[in-house]
Structures are given as structure tokens and as C-alpha cells.
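Peer 1: Give me a 3D structure for the following:
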Amino acid sequence: MDPLTEDHWKTIEGLHEDIFKTVEPLSDDEINWRHPALSNTIGILLRHLTGSERSWILGVVGGRKSELEARVRDAEFGHERLEKAQLLVTLRDALAEVKAALERISPEDLRQVVEGEWRGRPYRYTKEWALLHSLQHTAYHLGQIQLFRKMVTEGTTR
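Peer 2: Predicted coordinates for the structure are as follows:
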């Protein structure tokens with residue numbers, strides 16, 4: 001792995017370690033708990049992160065168009081009951097695929113400009129921007145997951 005890409009990988013891996021450490025002690029009831037004033041749950045965020053990382057890192061950065069075409073982002077936010085074990089398996093599988101994709105990426109690949117959509121509009125960006133965007137997005141939702149865990153386990157709902 002190229003040293004620049006390896007730095008990105010180490011960040012992704014560290015974020016995932018924190019996600020797993022936060023979520024593994026929780027029950028299915030706890031990952032499906034929803035604050036009365038909010039719409040997401042830990043389970044929803046886990047499913048969303050898997051879809052997002054597959055789309056941005058495998059699809060945009062790795063060039064796997066099938067990942068971009070297969071994603072139905074709105075479905076990631078459905079409110080059916082989710083099973084923690086399956087969510088973690090899926091997230092771990094995505095992480096392994098991300099590592100494999102990043103092992104094939106060069107600094108030249110990261111400088112490549114692609115056209116896509118961002119915030120509902122057509123957008124031109126580099127593959128490195130897409131990778132950094134995914135890292136920032138994962139970190140943002142990790143913070144939410146950590147906060148939700150504290151709320152559900154400590155009874156902090158106000």
C-alpha cells in the first residue's frame with residue numbers, strides 16, 4: 001500500500017475499531033433504541049455507514065460502478081428492527097473490501113477527477129476528496145453512535 005493511502009487506511013481502521021468497541025457490548029434492543037426527538041438509531045447509522053463507505057470508497061475511489069448503482073441511500077434509514085450481529089458482519093466485510101481497494105490505489109489514482117453527485121447536485125471532485133469525505137462522514141457518525149450509546153445505557157434522554 002502506498003504510504004499516503006496507508007495513512008488514510010489507518011484512519012479508517014481506527015474509526016472502525018472505535019465503532020466496534022462502542023457497539024459490541026450493546027444488545028439488539030439497545031442498537032434499535034431511538035431518542036423520542038430523533039429519527040436515527042445506532043443500527044440505522046451502522047447500516048448507513050456500510051452503504052456510504054461502499055459507495056464512496058469502493059464505488060468512487062475504487063471505480064466499482066456496481067457499488068454506486070446498487071446503493072439505495074434512503075433504504076438505509078428504514079425503521080425496521082435490525083440485528084446487531086448481522087450489521088457488524090456486514091460492516092466488517094465492507095471494511096475488508098475497503099482495505100483491498102486501497103491496496104490497489106496510487107497517489108496518481110487519488111488525483112483523478114471524477115464527476116458525481118454531492119448534496120443533490122452534480123459535482124466534480126478528486127478521488128482523494130471522496131476518500132477524505134468518507135473519513136469525515138464516518139467520524140461524524142461515530143460521534144453520534146457514541147452519544148446514542150451513552151444515552152441508551154445511562155438513561156440520558158433529555
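Peer 1: residue ranges of the strands in this protein, please?
Peer 2: Residue ranges of the strands in the chain, as given by DSSP state E, are 113-118, 121-126.
Peer 1: can I get the ones you listed in TSV with mean neighbour count, mean pLDDT and distance to residue 54?
Peer 2: (C-beta placed from N, C-alpha, C; glycine too.) Shown next, in TSV, are the strands of the chain (neighbours: other CB atoms under 10 Å; pLDDT from 0 to 100; distance: least, CB to CB, whole Å):
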stretch	mean neighbour count	mean pLDDT	distance to residue 54
strand 113-118	11	88	14
strand 121-126	12	92	18
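Peer 1: possible to save those strands as TSV with distance to residue 46?
Peer 2: Formatted as TSV, those follow (distance: least, CB to CB, whole Å):
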stretch	distance to residue 46
strand 113-118	23
strand 121-126	26
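Peer 1: in the protein, which ranges drop under the pLDDT threshold?
Peer 2: The chain contains residues with pLDDT under 70 at 156-158.
Peer 1: Show me the helices in this protein, by range?
Peer 2: Secondary structure of the chain, counting by DSSP state H: helices at 3-23, 28-31, 42-53, 65-70, 84-103, 107-111, 127-154.
Peer 1: List the buried residues of the fourth one.
Peer 2: The reference is to helix 65-70. Going by neighbour count (16 or more other CB atoms under 10 Å), the buried part of helix 65-70 is 67, 68.
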